[in-house]
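A.B. asks: Quick one, structure for this:
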Amino acid sequence: MEKHSTIHELYHSAFPANERRPWAEMELLEMNEKRFTIKSISRDGTFCGFITSWNFDDFVYVEHFAVADALRGKGIGSEIIEDLCRTAQRPVVLEVETPKTTQAIRRIAFYERHGFKVVSQTYMQPPYDKKSFYLPMLLMCNDSTFGEKHFSRIKNTIYTEVYGVSMPEKM
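C.D. replies: The predicted model follows:
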(Lines give C-alpha, C1' and ligand atoms only; values in the text may rest on other atoms or scores of the structure.)
Protein backbone atom coordinates (compact mmCIF):
# COMPACT_ATOMS: atom_id res chain seq x y z
CA MET A 1 0.00 0.00 0.00
CA GLU A 2 2.72 2.43 -1.03
CA LYS A 3 0.04 4.65 -2.55
CA HIS A 4 -1.74 4.95 0.76
CA SER A 5 1.41 5.55 2.76
CA THR A 6 2.35 8.57 0.62
CA ILE A 7 -1.19 9.93 0.54
CA HIS A 8 -1.52 9.37 4.28
CA GLU A 9 1.55 11.53 4.99
CA LEU A 10 0.26 14.40 2.82
CA TYR A 11 -3.25 14.04 4.24
CA HIS A 12 -1.95 14.55 7.77
CA SER A 13 0.32 17.44 6.87
CA ALA A 14 -2.18 19.27 4.65
CA PHE A 15 -5.31 19.14 6.84
CA PRO A 16 -5.79 20.03 10.50
CA ALA A 17 -7.08 17.21 12.72
CA ASN A 18 -10.59 18.68 12.89
CA GLU A 19 -10.86 18.62 9.06
CA ARG A 20 -9.95 14.99 8.49
CA ARG A 21 -11.44 11.63 9.30
CA PRO A 22 -9.35 8.85 10.87
CA TRP A 23 -7.14 7.27 8.20
CA ALA A 24 -8.41 3.74 8.89
CA GLU A 25 -11.91 4.99 8.13
CA MET A 26 -10.68 6.42 4.80
CA GLU A 27 -9.30 3.03 3.81
CA LEU A 28 -12.51 1.26 4.84
CA LEU A 29 -14.55 3.72 2.80
CA GLU A 30 -12.39 3.10 -0.24
CA MET A 31 -12.87 -0.66 0.09
CA ASN A 32 -16.58 -0.68 0.97
CA GLU A 33 -18.22 2.48 -0.40
CA LYS A 34 -18.49 2.39 -4.19
CA ARG A 35 -19.29 6.13 -4.38
CA PHE A 36 -16.04 7.10 -2.59
CA THR A 37 -12.62 7.23 -4.25
CA ILE A 38 -9.08 8.09 -3.20
CA LYS A 39 -7.14 9.08 -6.29
CA SER A 40 -3.36 9.39 -6.19
CA ILE A 41 -1.99 11.92 -8.68
CA SER A 42 1.43 11.35 -10.25
CA ARG A 43 3.34 13.02 -13.08
CA ASP A 44 6.30 11.27 -14.69
CA GLY A 45 6.38 8.75 -11.85
CA THR A 46 6.47 11.42 -9.12
CA PHE A 47 3.70 11.62 -6.52
CA CYS A 48 2.05 15.03 -6.83
CA GLY A 49 -1.01 14.83 -4.60
CA PHE A 50 -4.37 13.23 -4.08
CA ILE A 51 -8.07 13.89 -4.25
CA THR A 52 -10.87 12.11 -2.40
CA SER A 53 -14.37 12.41 -3.78
CA TRP A 54 -17.91 11.11 -3.54
CA ASN A 55 -19.86 10.42 -6.72
CA PHE A 56 -23.51 11.15 -6.02
CA ASP A 57 -26.29 10.95 -8.59
CA ASP A 58 -26.45 14.66 -9.34
CA PHE A 59 -23.08 16.03 -8.15
CA VAL A 60 -19.53 15.09 -7.20
CA TYR A 61 -18.37 16.14 -3.73
CA VAL A 62 -14.64 16.68 -3.21
CA GLU A 63 -13.89 15.79 0.40
CA HIS A 64 -10.11 16.37 0.36
CA PHE A 65 -7.67 17.67 -2.24
CA ALA A 66 -3.98 18.36 -1.68
CA VAL A 67 -0.85 18.88 -3.75
CA ALA A 68 2.60 18.03 -2.33
CA ASP A 69 4.24 21.11 -0.79
CA ALA A 70 7.24 21.08 -3.14
CA LEU A 71 4.98 21.06 -6.20
CA ARG A 72 2.52 23.80 -5.26
CA GLY A 73 2.39 26.77 -7.58
CA LYS A 74 3.49 24.72 -10.59
CA GLY A 75 0.06 24.26 -12.18
CA ILE A 76 -0.50 20.69 -11.01
CA GLY A 77 -3.45 21.60 -8.78
CA SER A 78 -5.03 23.41 -11.72
CA GLU A 79 -4.59 20.37 -13.96
CA ILE A 80 -6.13 18.10 -11.33
CA ILE A 81 -9.21 20.23 -10.62
CA GLU A 82 -9.80 20.95 -14.33
CA ASP A 83 -9.54 17.23 -15.13
CA LEU A 84 -11.99 16.38 -12.34
CA CYS A 85 -14.51 18.97 -13.53
CA ARG A 86 -14.19 17.83 -17.14
CA THR A 87 -14.67 14.14 -16.34
CA ALA A 88 -17.33 14.52 -13.61
CA GLN A 89 -20.11 15.24 -16.12
CA ARG A 90 -22.12 16.87 -13.34
CA PRO A 91 -21.58 19.74 -10.89
CA VAL A 92 -18.61 19.55 -8.51
CA VAL A 93 -19.06 20.75 -4.92
CA LEU A 94 -16.42 21.26 -2.24
CA GLU A 95 -15.91 22.88 1.16
CA VAL A 96 -13.40 25.63 1.88
CA GLU A 97 -12.48 27.50 5.01
CA THR A 98 -13.99 30.93 5.50
CA PRO A 99 -11.71 33.75 4.23
CA LYS A 100 -10.10 34.57 7.57
CA THR A 101 -6.50 33.68 6.71
CA THR A 102 -4.24 34.46 3.76
CA GLN A 103 -4.12 30.76 2.90
CA ALA A 104 -7.93 30.46 2.93
CA ILE A 105 -8.28 33.55 0.72
CA ARG A 106 -5.74 32.11 -1.75
CA ARG A 107 -7.56 28.75 -1.75
CA ILE A 108 -10.93 30.40 -2.52
CA ALA A 109 -9.29 32.45 -5.31
CA PHE A 110 -7.75 29.26 -6.76
CA TYR A 111 -11.16 27.62 -7.04
CA GLU A 112 -12.73 30.81 -8.41
CA ARG A 113 -10.11 30.86 -11.19
CA HIS A 114 -11.38 27.40 -12.13
CA GLY A 115 -15.04 28.41 -12.34
CA PHE A 116 -16.20 27.72 -8.79
CA LYS A 117 -18.42 30.18 -6.95
CA VAL A 118 -19.19 30.42 -3.24
CA VAL A 119 -22.74 29.30 -2.48
CA SER A 120 -24.41 32.15 -0.62
CA GLN A 121 -26.17 30.11 2.09
CA THR A 122 -24.63 29.43 5.49
CA TYR A 123 -22.80 26.13 5.77
CA MET A 124 -21.29 24.39 8.78
CA GLN A 125 -19.03 21.37 8.38
CA PRO A 126 -20.09 18.54 10.69
CA PRO A 127 -17.30 17.21 12.89
CA TYR A 128 -15.52 13.97 12.00
CA ASP A 129 -15.07 13.40 15.73
CA LYS A 130 -18.57 13.36 17.22
CA LYS A 131 -17.22 15.09 20.36
CA SER A 132 -16.11 18.14 18.39
CA PHE A 133 -18.03 21.11 17.08
CA TYR A 134 -19.39 22.10 13.68
CA LEU A 135 -16.95 24.35 11.77
CA PRO A 136 -18.05 27.40 9.78
CA MET A 137 -17.08 26.69 6.17
CA LEU A 138 -18.18 27.70 2.70
CA LEU A 139 -19.53 25.47 -0.02
CA MET A 140 -18.29 26.18 -3.53
CA CYS A 141 -19.72 24.77 -6.74
CA ASN A 142 -18.55 24.95 -10.36
CA ASP A 143 -22.20 25.36 -11.39
CA SER A 144 -23.42 28.30 -9.31
CA THR A 145 -27.04 27.94 -10.42
CA PHE A 146 -27.08 24.30 -9.30
CA GLY A 147 -25.34 25.18 -6.01
CA GLU A 148 -27.81 27.90 -5.11
CA LYS A 149 -30.94 26.13 -6.32
CA HIS A 150 -30.16 22.77 -4.69
CA PHE A 151 -28.27 23.93 -1.60
CA SER A 152 -30.53 22.12 0.88
CA ARG A 153 -30.31 18.84 -1.02
CA ILE A 154 -26.52 19.16 -1.43
CA LYS A 155 -26.09 19.94 2.26
CA ASN A 156 -28.39 17.09 3.32
CA THR A 157 -26.53 14.63 1.08
CA ILE A 158 -23.14 15.70 2.42
CA TYR A 159 -24.34 15.60 6.03
CA THR A 160 -25.99 12.18 5.83
CA GLU A 161 -23.76 10.35 3.33
CA VAL A 162 -20.31 11.83 4.04
CA TYR A 163 -20.49 12.77 7.72
CA GLY A 164 -23.19 10.36 8.87
CA VAL A 165 -25.27 12.99 10.67
CA SER A 166 -28.82 14.19 10.17
CA MET A 167 -29.40 17.79 9.25
CA PRO A 168 -30.03 19.88 12.36
CA GLU A 169 -33.08 22.11 12.48
CA LYS A 170 -30.99 25.25 13.09
CA MET A 171 -27.34 26.14 13.03
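
A.B. asks: for the residue most central in space within the chain, what are its contacts?
C.D. replies: Of all residues in the chain, the one closest to the mean position by CA atoms, centre = their mean is E63, 2.7 Å from it. Neighbour list for E63: T52, S53, W54, V162 [criterion: CB atoms under 8 Å, 6 or more residues apart in numbering]. Heads up, the C-betas are built off the backbone N, CA and C, glycines and all.

A.B. asks: quick one, phi/psi of it?
C.D. replies: phi -80, psi -50 (degrees, to the nearest 10).

A.B. asks: Outside of the strand ranked longest in the chain itself, which residues are in contact with it?
C.D. replies: Across the chain, the strand with the greatest residue count (assigned by DSSP state E) is strand 46-55. Outside strand 46-55, the residues within contact range by CB under 8 Å, 6+ apart are 6-7, 10-11, 26, 35-42, 60-68, 71, 76-77, 80, 84, 161-162.

A.B. asks: For PyMOL, what selects the buried ones among those?
C.D. replies: Entered in PyMOL, the line below selects the buried ones among the contacts of strand 46-55, by 16 or more other CB atoms under 10 Å:
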select buried, resi 6+7+10+11+26+36+38+41+60+61+62+63+64+65+66+67+68+71+76+77+80+84+162
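
A.B. asks: The contacts of strand 46-55 in helices, which ones?
C.D. replies: T6, I7, L10, Y11, M26, I76, G77, I80, L84 (DSSP state H).

A.B. asks: And the residues you listed, which is closest to L135?
C.D. replies: Set against L135, the nearest of the ones in helices among the contacts of strand 46-55 by CB to CB is Y11 (17.4 Å).

A.B. asks: on that earlier part again, could you dump the ones in helices among the contacts of strand 46-55 to a markdown table with pLDDT and distance to T145?
C.D. replies: Below are the ones in helices among the contacts of strand 46-55 laid out as a markdown table (pLDDT from 0 to 100; distance: CB to CB, whole Å):
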| residue | pLDDT | distance to T145 |
| --- | --- | --- |
| T6 | 88 | 38 |
| I7 | 93 | 33 |
| L10 | 94 | 34 |
| Y11 | 94 | 32 |
| M26 | 92 | 32 |
| I76 | 89 | 29 |
| G77 | 90 | 25 |
| I80 | 91 | 24 |
| L84 | 93 | 19 |
